[in-house]
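Peer 1: pasting the structure only:
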């Protein structure tokens with residue numbers, strides 16, 4: 001059974017394809033709460049780390065514990081911050097785990113701003129302020145773009161040319177991360193390490 005079919009059965013609904021995510025505005029209401037409000041609501045009642053941010057991780061902080069290094073796809077990052085019901089509970093639990101180091105590609109920030117500019121998602125008070133506040137209130141490890149990622153992105157066996165998907169997939173491989181996504185085309189790539 002494929003990872004995608006299992007995800008659909010576990011959560012009682014089909015994960016949206018990339019195109020569907022665009023038309024449903026990532027499942028966000030037209031007036032999305034601020035990242036700070038979404039994070040407080042999402043983590044209410046849970047402990048915070050010493051920095052005061054719910055489950056933020058600094059590299060090396062976990063010592064000898066086995067850490068899952070997780071790269072969030074753009075829609076997963078947005079859904080998690082917004083507390084969207086479209087993010088499977090199991091994914092939310094993995095993200096919030098003390099044994100998870102959350103990474104984000106700058107491409108996801110670029111894609112978020114591009115989608116907001118096109119009117120496909122609505123972020124308040126504006127998209128740039130929303131992104132800055134999100135990064136301030138929920139720090140993640142940045143996965144910088146490199147020449148190796150740019151080269152690898154063009155070598156990938158993907159059935160589409162979406163540059164954001166290609167950069168995110170290449171970033172996953174170059175940094176040795178595991179990608180959390182519900183994008184059908186990325187989930188179907190058996191060579192790409194994804195969260196099931």
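Peer 2: Looks like it arrived, so ask away. The structure displayed is predicted, hence computed values, not measured ones. Residues are numbered from 1 along each chain as shown.
Peer 1: where do the strands of the chain begin and end?
Peer 2: Taking DSSP state E, the strands of the chain run over residues 68-72, 100-104, 141-142, 178-180.
Peer 1: quick one: closest of those to residue 155.
Peer 2: Set against residue 155 and scored by C-beta to C-beta, the strands of the chain come closest in strand 178-180, at 16.8 Å. Where C-beta positions appear, they are placed from N, C-alpha and C, glycine not excepted.
Peer 1: pLDDT weak spots in this protein?
Peer 2: 1-65 (pLDDT under 70).
Peer 1: let's see 50
Peer 2: Along the chain, the parts satisfying pLDDT under 50 run over 1-33, 36, 38-64.
Peer 1: just to revisit the earlier point, need the strands of the chain in JSON lines with mean neighbour count and distance to residue 127, can you?
Peer 2: Formatted as JSON lines, those follow (neighbours: other C-beta atoms under 10 Å; distance: least, C-beta to C-beta, whole Å):
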{"stretch": "strand 68-72", "mean neighbour count": "22", "distance to residue 127": "18"}
{"stretch": "strand 100-104", "mean neighbour count": "22", "distance to residue 127": "16"}
{"stretch": "strand 141-142", "mean neighbour count": "14", "distance to residue 127": "19"}
{"stretch": "strand 178-180", "mean neighbour count": "22", "distance to residue 127": "22"}
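Peer 1: end to end, how far does stretch 119-131 reach?
Peer 2: 16 Å (C-alpha to C-alpha, to the nearest Å).
Peer 1: now the helices for this structure?
Peer 2: Listed in chain order, the helices of the chain (DSSP state H) span 3-11, 18-23, 35-42, 74-82, 89-96, 106-117, 127-137, 147-155, 163-174, 184-187.
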